[in-house]
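S.K.: Test case, fold it:
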Amino acid sequence: MTDFTTQAGRPPLFDFAASARARARAHALAGERFLDLGAAEGLADRLAAVTRKFAHGLWIGDALPSEITPFAQTWTCADFGPQEILDAPPGQFDIAVSLFSLQAINDLPGALVQIRHALKPDGLFMAALLGGGTLSELRDSFAHAEITTRGGVSPRVSPFADVRDLGGLLQRGGFALPVSDVERLTVRYGEFFALVRDLRSHALTNVMTERSKQPLRRDTLAALLAHYASQHADPDGKLRARFDVLYLTGWSPHDSQQKPLKPGSAKSRLAQALGTTETALPAKS
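M.R.: Reported below is the predicted structural model:
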């Protein structure tokens, strides 16, 4: 089976085979996956605020974390294949949850549509993704080093979605009542290669299709290390690395859900509700 390709025939942003290898390598490493643990707890906290009980859950990924298990009576694990098709039957699940499994999806709106189709009406979808300014220090240092030593920039750090954009993507995917929020984590490292080890243990190595296949040159690495230490270190010499965890929540549509009121349908004025005096704006000349 061939990998996913865009409708226009352009190469996709992410390389499915490289992403699969990165995940397999991460599972084989003994490193502590603190991002996975923290995001699983974040998902659990948000699920605990939902008063509904769920019968059939869809876990999008390979290994269901113990933090998520109590939120449905039964769970089915499924994932996206090389063609980015979700291996799950339609309309069978009350809840679907993803922990970073959508990180290297090329057609994220299409993936969200598939997840919605797998849910029953009024089913809940919740996901955690890395986004925003994640690894902005590493991105900046790579760009500076490559411009300095090679005269140009190659794709080194994956692009990450903004929390405001993801709320719009949920709506494009057909979800009702979309909510997105972000938690920022800054990790400090005593040396650069400790960050590299953590990225490998989280499968966050470079899996972009147009990534350079050549080993990183020594002069580029030296320039990267110097820039990182001079621009992104605390006074004690520790290097900073930022991770923004974005949480998405949406519901498959149902007639019982709240609907926004039509414009002009309010029964009273806002000034009356606030107990203030309403002042008309001057007419335009």
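
S.K.: Distance of Ser141 relative to Leu225?
M.R.: 8 Å (C-beta to C-beta, to the nearest Å). C-beta: built from backbone N, CA, C; applies to glycine.

S.K.: So between those two, which is more surrounded?
M.R.: Between Ser141 and Leu225, counting by other C-beta atoms under 10 Å, Ser141 is the more crowded of the two (25 against 16).

S.K.: Now that that one has come up, it's in contact with Ala229, right?
M.R.: No: counting by C-beta atoms under 8 Å, Ser141 does not reach Ala229; the two are 9.0 Å apart.

S.K.: who's in contact with the closest residue to Ser201 other than its chain neighbours?
M.R.: In this structure, Ser201 finds its nearest non-sequential neighbour in Gly31, 3.0 Å apart by C-beta to C-beta, 6 or more residues apart in numbering. Each residue near Gly31 by C-beta atoms under 8 Å, 6 or more residues apart in numbering is listed here: Arg197, Asp198, Arg200, Ser201, His202.

S.K.: Now, of these, which are buried?
M.R.: Asp198, Ser201, His202 (16 or more other C-beta atoms under 10 Å).

S.K.: In helices, which of those appear?
M.R.: Asp198, Ser201 (DSSP state H).

S.K.: returning to what we had before: Three-state assignment for the residue nearest to Ser201, please.
M.R.: What DSSP: H, G, I helix; E, B strand; the rest coil gives for Gly31 is coil.

S.K.: So which elements touch the strand or helix carrying Ala40?
M.R.: Element membership for Ala40 (DSSP states H and E) is helix 34-48. Applying 3 or more C-beta pairs under 8 Å, 6 or more residues apart in numbering; DSSP states H and E, one finds that helix 34-48 makes contact with strand 93-99, strand 119-131, strand 176-189, strand 239-251.

S.K.: What lies in contact with that helix?
M.R.: 65, 67-68, 71, 97, 99-100, 126, 128, 130, 183, 185, 187, 198, 202, 243, 245, 247, 249.

S.K.: Report the mean per-residue pLDDT for that helix.
M.R.: Average pLDDT, helix 34-48: 97.

S.K.: Could you list the buried residues of it?
M.R.: So for helix 34-48, counting by 16+ other C-beta under 10 Å, buried means Leu35, Asp36, Ala39, Ala40, Gly42, Leu43, Ala44, Arg46, Leu47.

S.K.: just curious, which of the contacts of Gly31 is nearest to Ala22?
M.R.: Checking the contacts of Gly31 against Ala22 by C-beta to C-beta gives Arg200 as the nearest, at 7.8 Å.
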